[in-house]
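Undergrad: could you work out the structure for the sequence below:
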Amino acid sequence: MEESITITDNRSGESFTIPIVDGGVDSGSWTKMLPGLWFKDEGFAATAVTNSEITYIDGGAGQLEYRGYSIEDLASNSNFTEVAYLLVHGELPNTGQFKTWSETLNDHAALDADHNESLLNAFNSQSHPMGMLTAGLAALSTRYPDAKEVEDSQIRQRHIINLIAKVSTLAASAAAYRSGRTPLPPRNDLTYTENFLSMTFGDDKSEYVANPVFTKALDQLFILHADHEQNCSTTAVRVVGSSHADPYSAIAAGSAALSGPRHGGANEAVLKMLDDIGSFDNVDKFIDSVKAGDGRLMGFGHRVYKNYDPRAQIIKDTAHEIFEITGKNPKLDIALKLEEAALEDDYFVSRKLYPNVDFYSGLIYQAMGFPVEMFTVLFAVARTAGWISHWDEMLGRNTRIARPRQLYVGSASREFTALENR
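TA: Residues are numbered from 1 along each chain as shown. Okay, here's the model as predicted:
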């Protein structure tokens, strides 16, 4: 059976056959056969902007893969540094490649002291760390003039490493500055995640030693957030990158997109919801209010997943491990009862409202000592590996500059009237 669709133009009676390739149709064929007609697709919900080899999602099956590897295998058996290598290079590293990659990231992690100090001093103690991170990423573009040579693959690779290395230092510096501490420099004897924890929570009075359970949990969370196909922030990176802007500016655009509450702030909203519920005994009442249209169930449902978010089950198990160290949090009991109640209620099941990755991540971050304002920053640190991989893939294919169409619905042509005659 031929994989194609046939379209009839009722204006002329002509029919056109367009092949279906990889589950979609090429807009070039459509516009060639029917010139002057454009698709209207608010939010690009049904538009594939590219072919990509990086991340595969089957929302109906609850499946997520990086470069063909399931998120379950990577979260259980890998670490973030290795996953970042996989996203960038397309294959898992061997022992020698992993050693070199890890050492190179450590070598590039430090920020220029004068640059970092002058940048931080531009903010106050109440500045939101996502704004600080976005500004810091954009400011890095001024330090590396050769980063504009985006068509040179070797130069691109240097700045890919530099970005993945430095984003965690920028983020940790913002966290330390907001808490009134002098940001610590990165250490060459620590892993990527250990370094981030050390720079975020350490001080110059004693050597910081990260709890290995915390390190493992954060490493796992970084893996789960490392990429998620063509979401809002990744699309922002692609659009800016398509103009051949330097990578620091492109990643700053992704960070700005992620800062919006409809994208990166969902786990913060979950914590607020749990606080509003207040106690274990109020869960049923809250569920009833949601069904009556008087409340909203945060951390459930996903634009892509129409099944249980595969990241949610992984992170749920991690939450239990964290709370064994920190002591049980009443919010976890509320969350567990909320999940159980929703999964047993036809109202939520019929609407495919299953827990997503944000439902438990905020609880974990809070238990580890991160302030709520840092939650989206942690997301950005992890997602930088995905953003820069998509940026590099796009440039390697010499993709055209982004230039979406619009359907004009404004005023028809009209005569200009001089100001004094209006």
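
Undergrad: strands along this protein, start to end?
TA: With DSSP state E as the criterion, the chain has strands at 4-9, 14-19, 55-58, 63-66, 69-70.

Undergrad: average pLDDT across the fourth one?
TA: What strand 63-66 shows for mean pLDDT is 95.

Undergrad: how about the nearest residue to Pro93 once chain neighbours are set aside, what does it touch?
TA: In space, and not counting its chain neighbours, Pro93 is closest to Tyr85: 4.8 Å by CB to CB, 6 or more residues apart in numbering. Every residue, glycine included, has its C-beta placed from N, CA and C. The contact partners of Tyr85, by CB atoms under 8 Å, 6 or more residues apart in numbering, come to 92-93, 97-98, 101.

Undergrad: and these, which of them are buried?
TA: Buried residues within the contacts of Tyr85, counting neighbours by 16 or more other CB atoms under 10 Å: 92-93, 101.

Undergrad: I'd like these as a markdown table, with pLDDT and distance to Leu221 appended.
TA: Formatted as a markdown table, the buried ones among the contacts of Tyr85 follow (pLDDT from 0 to 100; distance: CB to CB, whole Å):
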| residue | pLDDT | distance to Leu221 |
| --- | --- | --- |
| Leu92 | 98 | 20 |
| Pro93 | 98 | 21 |
| Trp101 | 98 | 20 |
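
Undergrad: got a markdown table for those, with distance to Asp26 too?
TA: As requested, those are arranged in a markdown table below (distance: CB to CB, whole Å):
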| residue | distance to Asp26 |
| --- | --- |
| Leu92 | 33 |
| Pro93 | 35 |
| Trp101 | 37 |
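
Undergrad: tell me the one of those nearest Ala75?
TA: Relative to Ala75, the closest of the buried ones among the contacts of Tyr85 is Leu92; by CB to CB it sits at 14.2 Å.

Undergrad: identify the residues contacting that closest one.
TA: Contacts for Leu92 (CB under 8 Å, 6+ apart) come out as 69, 78, 82, 85-86.

Undergrad: what mean pLDDT does stretch 392-409 get?
TA: 90.

Undergrad: all numbers from here: first residue = 57
TA: Noted, 57 is the first residue going forward, which turns the last one into stretch 448-465.

Undergrad: quick revisit: so which of the strands of the chain is nearest Ala195?
TA: Set against Ala195 and scored by CB to CB, the strands of the chain come closest in strand 111-114, at 28.9 Å.

Undergrad: name every strand pairing with the closest one and say which way it goes.
TA: Counting by DSSP bridges, the strands paired with strand 111-114 are strand 119-122 (antiparallel).

Undergrad: buried sites along the partner strand?
TA: Buried residues in strand 119-122, counting neighbours by 16+ other CB under 10 Å, are found at 120-122.

Undergrad: which member of those is positioned nearest Gly79?
TA: Glu121 (15.9 Å).

Undergrad: and the closest one, how far from Gly355?
TA: Glu121 is 23 Å from Gly355, where distance means CB to CB, to the nearest Å.

Undergrad: okay but Glu324 is in contact with Leu434, surely?
TA: No - at 11.3 Å, Glu324 does not count as touching Leu434 under the criterion of CB atoms under 8 Å.

Undergrad: which one of these two is surrounded by more residues?
TA: More crowded of Glu324 and Leu434, by other CB atoms under 10 Å: Leu434, with 26 against 21.

Undergrad: the more buried one and Phe426 touch, don't they?
TA: Yes - if you go by CB under 8 Å, Leu434 and Phe426 touch, sitting 6.8 Å apart.

Undergrad: the residue nearest to Pro149 and Lys408: what is the separation?
TA: Taking CB to CB as the measure, Tyr141 falls 34 Å from Lys408.

Undergrad: neighbours of Asp208, how many?
TA: When neighbours are counted by other CB under 10 Å, Asp208 registers 12.

Undergrad: and Asp331, by the same measure?
TA: Neighbours around Asp331, by other CB under 10 Å: 10.

Undergrad: one more: Val269?
TA: Here the count is done by other CB under 10 Å, and Val269 has 15 residues near it.

Undergrad: show me the domain layout of this protein.
TA: As assigned by automatic domain parsing, the chain contains the domains 60-114, 124-457.

Undergrad: got a markdown table for the ones you listed, with distance to Ala474 too?
TA: Below are the domains of the chain laid out as a markdown table (distance: least, CB to CB, whole Å):
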| stretch | distance to Ala474 |
| --- | --- |
| domain 60-114 | 35 |
| domain 124-457 | 39 |
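
Undergrad: out of these, indicate the one that is most buried.
TA: Ranked by mean neighbour count under mean count of other CB atoms under 10 Å, the domains of the chain are led by domain 124-457, which reaches a mean of 19.

Undergrad: distance between the ends of that one?
TA: End-to-end distance for domain 124-457: 28 Å, by CA to CA, to the nearest Å.

Undergrad: ok, now stretch 453-463?
TA: Termini of stretch 453-463 sit 29 Å apart (CA to CA).

Undergrad: ok, now stretch 320-340?
TA: 28 Å.
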